[in-house]
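Asker: quick one, what's the 3D model for this:
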Amino acid sequence: GKSPRVRTEEPSPEFYRRTVGPNFKPPYIEKRVIGRAATNPNVTIMFHIPPLWHDDLAPLYILGRAMSARTGKMYLDLVNSKMPHATSVSANASPAAYAGAFRVSASARETPAETTVVPLDTLEQELWMYIDDAKTTPVDPQVLQRVKNAVEAEYLQSLAGMGIAGTLARMETAYRWQFIEEQYKQR
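Answerer: Take a look at the predicted model:
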């Protein structure tokens, strides 16, 4: 028979509490990368997220779509307000076979004088505000319903014609092809 796939994952905080002791606190680790290029200044905050098949992934995916929505708070405040600080904002969960990333980004807008751009530390603080808000405030029900409708429509379109072959192949490579339906049942 076929040997089972072996998946290795970083041990959970529960594992460390069992082995190290009940006082174990997961460390907060921050890495900053600053790149300079002839392009719009941009801030991206990234977090590790669980692998493709994990139950938390569907809510994170939907949260990313809701935070990015043009009818959502982050877009309306930072891009489409009277004093916009950003030319674009986005949030998304990128699933992967072992561990993925959740990204929240914004591109800085030039000030009205068009000699400088909004400082990146200001933009970063504002992004943290929306990240903290997402932890405690439920997504606006209308925004959530629009996102769910869009995700379902995209999924159905991806299965039309030959699209299903690529979708099945990608899913089998990352996890197993049957997950193609399960991932949408979770949402």
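Asker: all strands of this protein, in order?
Answerer: 42-49, 86-94, 100-108 (DSSP state E).
Asker: which one of those lies closest to Ser158?
Answerer: Among the strands of the chain, the nearest to Ser158 by CB to CB is strand 86-94 (16.7 Å). C-beta: built from backbone N, CA, C; applies to glycine.
Asker: per-residue confidence averaged over that closest one?
Answerer: Across strand 86-94, the average pLDDT comes to 93.
Asker: go on, stretch 53-67?
Answerer: The average pLDDT for stretch 53-67 rounds to 87.
Asker: buried residues, it. List them.
Answerer: For stretch 53-67, burial by neighbour count (16 or more other CB atoms under 10 Å) applies to Trp53, Leu57, Ala58, Leu60, Tyr61, Ile62, Leu63, Gly64, Arg65, Ala66, Met67.
Asker: from Thr136, how far off is the closest residue to Met74 other than its chain neighbours?
Answerer: Counting by CB to CB, 6 or more residues apart in numbering, Tyr130 is the residue found nearest to Met74 once chain neighbours are left out, at 4.6 Å. As judged by CB to CB, to the nearest Å, Tyr130 and Thr136 stand 11 Å apart.
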